[in-house]
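Enquirer: Provided below for reference: sequence and predicted model.
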Amino acid sequence: MKNKLIILLLITLAACKKGYFDSIPKDLVSTDVIFKDKTETENWLASVYSYLPDPWSTNTNSARYWAGYTDELEPSSATAQASGLLSGANAINIWTSNYQAIRMANIFMANVDNSETNLLNEPNGKELMLQYKGEARFLRAYYYWTLMKLYGPVILVGDKVGKYNDDYQLPRNSWKECIDYILSEMDAVQNMVPDKYITATGTEDATQTGRVNKLVIDAVRSQVLLFDASPLYNGNPDYANYKNGDGKQLMNTSYDAGKWAKAAEAARVAIEHAKNNGKSIFKVTNADPFVAAFNSYRDLFLTGWSTEGVWTRAVTAYQTWENDAAPRAANGTAATAALSVPQEMVDRFRMINGKAINEAGSNYTASGFTTTAKSGYYVAGTSNMYVNREPRFYNTITFNGATIPFVAKTGQTYVQYWPDGNSGNGNGSEVRFPKTGYLVRKHTNPSRNLSNNAGNVVRPAMYIRLAELYLNYAEALNESDPTNADVLVHLNAIRTRGGIPALSAGLSQAEMRKQIQLERCIEMAYEGYRFFDVRRWKIANTAEGKQGGDFTGMNVFAGTGLSDPAFYTKTRTSTRMWDDKYYIFPVPQSELNKNFTMVQAPGY
């Protein structure tokens, strides 16, 4: 069985020609055989890519999954974290799958140089093998990186493909060792992959969407250095006793201000690279600035990904996301109303004048109802809570009185969440309703008919987009060089695209930090950032980053109409526990049971 693989592990091998391996047992294939064939070599590389998560799926490690662990979503059932019972026994497990991906990458790199492979028969065979090796090597580093974001310091296994009789009793490497390794790997592969994938006619090859290129490497490097500079990892005294069994210190307890400058430079380089490759902040024009901002943010996820997307994924579960974001007033039966939003997230969105709802001069009011409809957004009789909010609010949240986010059922024009409303709980007879009185609207297509799929827009997901790099740069520059004009230039580019006024100079570093963090919360909502941001910033116990305590919504069991005040009584929908040990998650106990040398994260 040595050097054999179960063929089912190769996800893409299902597409192989019938009978290709008829000369050997069908369930076992030697890696020597696989890597002699160009198609199967490429299939193996595709299998290394296949471990990348789909942001819009319901699977572990998706953007949606992480949103359910934060104030972005009201979970359908209490998580172990929210219940205060998180431990190694019920830990989130991306450890196993990521190390499987790392092993697959190591096998690929150890075999792709096989001199007998017919890759060498290609006109550019040597260059192709170098590129493929670079892609696999980058992906290996990236899988380590995603592990570190959740579990902290991990175990670096190197290039060797382990055998059954190897010693797997390995300690964790330090955070610094892990960061240095990832950055060195990215530096090493920078010139192994192309800057762009070009067709024979010289145009960019859309069929290669999602493959690693030089820009992707620059963008991920920006992420890594930003995290490394952040409070959780940069001089955090809480981890002074986080050590291996031999006493080796695993986390940085001495603050290094220079890390912010390195993060700023990496973000600047990535931004310039993106611009040179034709990327820009996606915008559409309209005579009405509000409509222009609304359409820009909405269409960003439908068509604008080709303009702003830095690293994209071609095939995603966006239709599942849309179904779960749909109120029952949408046509068809696919609506599940599963993506319920807490009031605390709703209240983070600003007013149209750019001020927070609790800020002086915001003109926010929580009482009364508007007598004026805003065509395309909400009807007359809607609560004043939802009036004059910033355009991204109407793109991101579906509230009582909002227009239906998809093609509507016959006779329906707006969403009704009270018990007898078109999307309410039916006085206890209906399960497809949001328990908070809000649904996510972001990344939905208003032209789609859930009944027959007419109007569907097929689109990729964005792992990284240029707006993130702008916010990375603004944040790191504010910490390293707070008077630098580029802080406001890049922050305001995102604010004004979002339809709110630019900030003026003169804010303190601390106030600018809060503005950047709020902007990131709103702009990047439901894209998988909030879970990790509140952790790296160490703000889970603050009002701005609240992750524990009571969470609320509207009283969806009261009211008889759109303007009935009974519905708008703020009601507790869940209580969540927060413990500071949750800043880093525990490694699954099943892994500790196999590796007695590895220490668990602190507090578990």
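Expert: Here it is on my side, so go on.
Enquirer: show me how the chain divides into domains.
Expert: 48-193+578-604, 214-311+464-536 (automatic domain parsing).
Enquirer: export those as JSON lines, with columns for mean neighbour count and distance to residue 356.
Expert: For every residue, glycine as well, the C-beta is placed using N, CA and C. As requested, the domains of the chain are exported to JSON lines (neighbours: other Cβ atoms under 10 Å; distance: least, Cβ to Cβ, whole Å):
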{"stretch": "domain 48-193+578-604", "mean neighbour count": "18", "distance to residue 356": "15"}
{"stretch": "domain 214-311+464-536", "mean neighbour count": "19", "distance to residue 356": "7"}
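Enquirer: worst average pLDDT in these?
Expert: Mean pLDDT is lowest for domain 48-193+578-604 among these, at a mean of 94.
Enquirer: can you redo the domains of the chain as CSV with distance to residue 548?
Expert: CSV is the format used below for the domains of the chain (distance: least, Cβ to Cβ, whole Å):
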stretch, distance to residue 548
domain 48-193+578-604, 3
domain 214-311+464-536, 11
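Enquirer: quick one: closest of these to residue 336.
Expert: Checking the domains of the chain against residue 336 by Cβ to Cβ gives domain 48-193+578-604 as the closest, at 10.1 Å.
Enquirer: what's the first-to-last distance across that closest one?
Expert: 32 Å (Cα to Cα, to the nearest Å).
Enquirer: centre of the chain to it, how far?
Expert: 16 Å (Cα atoms, centre = their mean, to the nearest Å).
Enquirer: same thing with stretch 470-487?
Expert: 22 Å.
Enquirer: which residues touch it?
Expert: For stretch 470-487, the surrounding residues in contact (Cβ atoms under 8 Å, 6 or more residues apart in numbering) are 222-223, 225-226, 229, 257-258, 260-261, 263-264, 267-268, 270-271, 281, 488, 490-491, 493-494, 505, 509, 512-513, 516-517, 519-520, 523-524.
Enquirer: also stretch 570-585?
Expert: Residues contacting stretch 570-585 (Cβ under 8 Å, 6+ apart): 74-75, 78, 81-84, 86, 91-92, 150-152, 232, 238, 342-343, 435-436, 535, 538, 540-541, 547-556, 601-604.
Enquirer: what about 7 Å?
Expert: Counting by Cβ atoms under 7 Å, 6 or more residues apart in numbering, stretch 570-585 makes contact with 74, 81-84, 86, 91-92, 150-152, 232, 238, 342-343, 435-436, 535, 538, 540-541, 547-555, 601-604, all of which sit outside it.
Enquirer: again, but for stretch 379-386
Expert: With contact meaning Cβ under 7 Å, 6+ apart, stretch 379-386 is reached by 365-373, 378, 399-401, 413-414, 562-563, 568.
Enquirer: rerun that using 8 Å as the cut-off
Expert: Under Cβ under 8 Å, 6+ apart, the answer for stretch 379-386 is 364-373, 378, 393, 399-403, 413-414, 561-563, 568.
Enquirer: same question for stretch 491-498.
Expert: With Cβ under 8 Å, 6+ apart, stretch 491-498 has contacts from 281-283, 293, 296-297, 354, 390-392, 467, 470-471, 474, 501-503, 512, 515-516, 519, 522-523.
Enquirer: just give the nearest non-adjacent residue to the most centrally placed residue in the chain, would you?
Expert: Centroid check for the chain by Cα atoms, centre = their mean gives residue 528 as the closest residue, at 2.5 Å. Spatial nearest neighbour of residue 528, excluding adjacent residues (Cβ to Cβ, 6 or more residues apart in numbering): residue 63 at 3.2 Å.
Enquirer: swap in residue 318?
Expert: Residue 318 sits nearest to residue 56 (Cβ to Cβ, 6+ apart), 4.9 Å away.
Enquirer: so which residues of the stretch 301-450 of the chain form helices?
Expert: 305-308, 318-325, 343-346, 391-396 (DSSP state H, counting those that start in this stretch).
Enquirer: highest average neighbour count across those?
Expert: Most buried of those, by mean neighbour count (mean count of other Cβ atoms under 10 Å): helix 391-396, with a mean of 24.
Enquirer: for that one, what is the average pLDDT?
Expert: 98.
Enquirer: what does that helix rub up against?
Expert: With Cβ under 8 Å, 6+ apart, helix 391-396 has contacts from 290, 293-294, 297-298, 349-350, 352, 377-378, 386, 402, 440-442, 498-499, 522-523, 525-526.
Enquirer: could you do stretch 188-197 as well?
Expert: Against stretch 188-197 from outside (Cβ under 8 Å, 6+ apart): 130-131, 133-135, 137-138, 141, 204-205, 208, 211-215, 217, 277.
Enquirer: apply 6 Å and report the result again.
Expert: 130-131, 134-135, 137-138, 204-205, 208, 212-214, 217 (Cβ atoms under 6 Å, 6 or more residues apart in numbering).
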